[in-house]
Structures are given as structure tokens and as C-alpha cells.
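Novice: show me the folded form of this:
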Amino acid sequence: MTSYNSRSRRLTKGGLITSLLVASTLLVMSATLSPAHALALYSFTQTQQGLVKQDTLTTGDTSYWTFSGSAVLQGAPTTFSEDAQGLHLGIKAAVSGQWAGYYAVSPDTSAFLFHAVLTLPSTTISDTAPNAQFNTGLYVQTAPLPKINYVTCSGAVNFFGYYWGVWLASGNPNQATTITPLWFMWMNNQPLTRDCTIITNGNNLLKVYLDGTLVFSSTTMNLNIPPPFDSFLEVQTTSAAQMLSSTYTDYYATTSGTVTVASAPLSSKVTIEDTSGKVLASASTDSNGNAVLNVEKLHMPLQGYIRSYGLDLLGGGVMTATTSSPVTIWGGDSYAATLGPSLAPGSAASAPTNAPSSSAGTSSGPLSADTVTPTAGQSLSSASATLPTQISPTASPDALGVTDVVTTRTTDTAGLVTQPSSVVDFPTLSL
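Specialist: Have a look, this model is predicted:
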């Protein structure tokens, strides 16, 4: 028994010496590399793709989209074209005060994150009719239910000015019957072009970003918008005085707003870094070596490395895993670490070194589930205008199997839209 224990102690001591020698050798090897290279023991490889659809809307190919709307049924003038500046949808009401809508709708999709850039035509329109206005929006609507249920981020303009907002709608097979404003801002030097991201599971989760700023977030909603979803790019107007149009670019849809990493070295910090070494997102691994990095507020795709860092023998940070080269990263992507040294280009990869510090663009944890209203915006309770409570996208029978409805609206003395007397047509924002 004594001999066995003694031998066990000798093996432990020998194993420790061997480990120290190996570790020292790796540190020396890393230190002798040029600043542009570092030795990582693990490599990250992609195991799942999160991109569902990307369309820059600048190629001239519109085959992914179906074009229709209430304007078609009404005989209202419409236009659409796509060029290097984007997808252009134009509309003019057949009758002044009567809503007409025209849209591009996607096929049913498995995505849960939707993004597009929307542009209003101007800060005002010349039509002085009290109810004359125009709006543009990105809509996410349920496909399986025979109901007009959707969420939208939209902009609208009339003779007095313009505004942007986020709205939730529910309805029956023919129309949206309840529309709830979630966030709203009247002018306030907002740009006419906004970058909009909608994230939802159709059940309880809804997040909306404008220009990378979270304007609404909740995980306790009763949305009743079950997937799969259809996404709409749509314009609507009540103005018969002029053709008005909106431009759309940079559409993409992904399965989520996070990137997952599996089997990373334990007690590591996992990062997404651009090619200059700036940290775009980071998260710590759990007890199984898994990490979830939140990228939903960042413009996609990201270009860069996925890396992990641990502590070296001297207490500093050392790279333990990396992709072998810059990769294109979308929300919903998954990566896994496999054993095997890789030489990783990039000035941020020199080792031994401290791991990159988080930058202003880093997101390392889930966002708050509470409703968020930025200080730059107007809360719904303090907005000076009477907000519209009816919004809905347009749809034609051959596109969604439902019948369009229209409504009229009036304008108060401040130039903002008052509550409509009936439901608007769907699926876009009639403001």
C-alpha cells in the first residue's frame, strides 16, 4: 500500500512537472510569434447558420417579393422599381381621404428577427387636405392564423410634419380591430431614413430597435402572432393630389439575435471581434463551456473573429480558441470549439496578452424585459398629440385570402392625426 501511494505521489509530481513544461513551451512559442499571430489550442467552426434571407434591395431582382395591396383593388395608381438606391414603392389615392395601400410581402419565413432601412419622402407633403397623409413601414404579421395580427415600426408624414412609431395590432380575418401604440416620436429632428429591427417570437417577446437604439422591449406580452411570419414593406396614403413614395434597403431576416458558442474552454470569455480587434460582443462560458452573445442591436452581418480567452500562468489573458480567419456572422449562427492549434491573424491576437476589453458596442447579457422609452423620445403619456389607435397593413385576397377595408382620418389643429372613425386597411400603418 505504501509503495502504491508513493508511486502515485511520484506520478502526480511528474505529471505536474510535465504540465508546467508544456505550458511554458506554449507560452514561449506564443511569445516568439509576431504581434500579428497567436497560438490558440482550439479552433471555432460553424455548426449552424442563422441567416434566413438577405436582400439588399438594390440589385433589381424582386423575385423574392409579391406585390399587391388595396390600391390594386381600388384602381389607385402605384409604382415599384428597384435600382442601386433601393426598392421604391409609390402610391396615390384614387379618392382623396380614402386609404390605399401597396406592399411587397415575403413568403412565410422561419425568421424571428427582421431588419430593413425605411425612408420617408420628405418632412412634409404639399397636400393641404385635413386628412392627407402618407406612411411607410416594416411589418411582421402572423401567417397561419386567419387574423390581421402584426407589429410594425413605421414613419408617417402630412402637411404639418412627420413622426416615427412602433405599433401592435390584432384583428379578425378582414381587418385590424385593435391597434396599440408602443412608442412614438413627433419630428424632434429625427432623420427621414431609419434603420428598423423587429425581434419577436409572436407570443410574449417583442423588441424593436431604431438606428440601433432599443425603443421597446418586453417579455410579458400577449401578442397572439404565432409563427411562421410574413414580412411586409408597405406604403399607404390618403392623398390623391400627388404620387408619394418610400425607399427600402438592407432587408435581412435571421432566426435570432444571438450567436451561440459550444464546447469552449471552461472559465473563458468569448468575444466577437472585428478585423481590427475591437470587441463587438462578449459573454462568459457556463459550466459546460457554452456562451450566448447578443448581437441583435448590431448591424448584420458582422465581419470578424470569434475568440475565447482564459488566464495564463502569470494571471494575464491568453487566447484559447479562435476562428482561423475572419467570418461572416449573423444572428442565429452557432459555433463549436474543437481541439487543435490554429494560427490566427489579427493584431489583437498576440499572446501572451490581456484579452481585449469590451467596447461601447459590447453586449454581454440579455436586454431588460421591461418596456424601454429612450430619453430622446416622447413617452406615450406625455406626447402632445392624440395618437392614432388604428393601424393595419393592406392585403389582397390573392395574397392573404382576406378582403381589404379602408377608413378616413381627421387632423387636429396641431397637425397630428386623431383617432380614426373606423379601421384602416392592412397590413400597414395608416397614420
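Novice: quick one, strands of the stretch 201-350 of the chain?
Specialist: Counting by DSSP state E, counting those that start in this stretch, one finds strands in the stretch 201-350 of the chain at the ranges 206-210, 213-218, 229-237, 244-254, 258-262, 269-274, 279-284, 291-294, 302-311, 317-322, 327-329, 334-345.
Novice: output the below-cut-off pLDDT ranges for the stretch 201-350 of the chain.
Specialist: In the predicted model, the stretch 201-350 of the chain carries pLDDT under 70 at residues 312-316, 340-350.
Novice: let's see that with 50 instead.
Specialist: By pLDDT under 50, the low-scoring segments of the stretch 201-350 of the chain are 343-350.
Novice: again, but for the stretch 1-150 of the chain
Specialist: In the stretch 1-150 of the chain the weaker segments, taking pLDDT under 50 as the threshold, are 1-37.
Novice: let's go with 90 and repeat that
Specialist: Screening the stretch 1-150 of the chain residue by residue with the criterion pLDDT under 90, one finds the ranges 1-42, 130, 144-148.
Novice: all helices for it, in order.
Specialist: Secondary structure of the stretch 1-150 of the chain (DSSP state H, counting those that start in this stretch): helices at 2-32, 70-74.
Novice: tell me how far the closest residue to D61 other than its chain neighbours lies from L57.
Specialist: Using C-beta to C-beta, 6 or more residues apart in numbering and skipping residues adjacent in sequence, the residue nearest D61 is E82, 7.5 Å away. Where C-beta positions appear, they are placed from N, C-alpha and C, glycine not excepted. Distance of E82 to L57, given as C-beta to C-beta, to the nearest Å: 6 Å.
Novice: repeat for Q46
Specialist: 26 Å.
Novice: which of these two has more neighbours?
Specialist: Looking at Q46 and L57 with other C-beta atoms under 10 Å, you find the greater number of neighbours at L57, namely 24 against 16.
Novice: ok, and the closest non-adjacent residue to that one?
Specialist: L87 is the one closest to L57 (C-beta to C-beta, 6+ apart), at 4.1 Å.
Novice: bridging residues for the one you found?
Specialist: Judged by DSSP bridges, the bridge partners of L87 are E82, Y248.
Novice: list the contacts for it?
Specialist: L57, T58, T62, F80, S81, A104, L233, T247, Y248, T249 (C-beta atoms under 8 Å, 6 or more residues apart in numbering).
Novice: the first one against Y248, yeah?
Specialist: Yes: counting by C-beta atoms under 8 Å, L57 sits close enough to Y248 to count as a contact (5.4 Å).
Novice: give me the common contacts of those two.
Specialist: Common neighbours of L57 and Y248 (C-beta under 8 Å, 6+ apart) are G86, L87, A116.
Novice: measure the first one to V117 for me?
Specialist: The spacing between G86 and V117, counted by C-beta to C-beta, is 8 Å.
Novice: so which bits of stretch 132-150 are buried?
Specialist: Of the residues in stretch 132-150, those buried under the neighbour-count criterion (16 or more other C-beta atoms under 10 Å) are 132-143, 147-150.
Novice: could you dump it to CSV, C-alpha only?
Specialist: Included here for stretch 132-150 are C-alpha records, laid out as CSV according to Å, rounded to 0.1, in the frame of the first residue of the first chain:
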residue,chain,number,x,y,z
ALA,A,132,-54.0,63.9,-46.3
GLN,A,133,-51.0,61.8,-45.2
PHE,A,134,-48.6,59.1,-46.2
ASN,A,135,-46.8,56.3,-44.3
THR,A,136,-44.2,53.7,-44.7
GLY,A,137,-43.4,50.7,-42.6
LEU,A,138,-41.8,47.3,-41.9
TYR,A,139,-44.5,44.8,-40.7
VAL,A,140,-44.2,41.4,-39.2
GLN,A,141,-47.5,39.6,-39.4
THR,A,142,-48.8,36.1,-38.5
ALA,A,143,-49.2,33.7,-41.4
PRO,A,144,-51.1,30.7,-40.0
LEU,A,145,-53.9,32.5,-38.2
PRO,A,146,-56.8,33.9,-40.2
LYS,A,147,-56.3,37.2,-38.3
ILE,A,148,-54.7,40.5,-39.1
ASN,A,149,-52.2,40.4,-36.2
TYR,A,150,-48.9,42.2,-36.6
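Novice: what's around the nearest residue to D83 once chain neighbours are set aside, how many residues?
Specialist: Here the nearest residue to D83 in space, its sequence neighbours aside, is G60; by C-beta to C-beta, 6+ apart that works out to 6.6 Å. Per other C-beta under 10 Å, the neighbour tally for G60 reads 10.
Novice: would you mind measuring from S81 to G155?
Specialist: Shown here: S81 relative to G155, a distance of 20 Å by C-beta to C-beta.
Novice: more neighbours: those two, which one.
Specialist: Neighbours were tallied for S81 and for G155 using other C-beta under 10 Å; the higher tally belongs to G155 (27 against 13).
Novice: so that one sits against Q133, correct?
Specialist: No: under the criterion of C-beta under 8 Å, G155 lies out of contact with Q133, with a separation of 11.0 Å.
Novice: one step back: for A71, which of the strands of the stretch 201-350 of the chain is the nearest?
Specialist: Closest approach to A71 among the strands of the stretch 201-350 of the chain (C-beta to C-beta): strand 229-237, 8.6 Å.
Novice: what residues does Q49 make contact with?
Specialist: Residues touching Q49, when contacts are defined by C-beta under 8 Å, 6+ apart, comprise W330, G332, D333.
Novice: mind putting those residues in JSON lines, distance to Y209 and neighbour count included?
Specialist: Written out in JSON lines, the entries for the contacts of Q49 read as follows (distance: C-beta to C-beta, whole Å; neighbours: other C-beta atoms under 10 Å):
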{"residue": "W330", "distance to Y209": "16", "neighbour count": "22"}
{"residue": "G332", "distance to Y209": "16", "neighbour count": "24"}
{"residue": "D333", "distance to Y209": "19", "neighbour count": "28"}
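Novice: want to throw those residues into TSV with distance to F67?
Specialist: Formatted as TSV, the contacts of Q49 follow (distance: C-beta to C-beta, whole Å):
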residue	distance to F67
W330	27
G332	28
D333	31
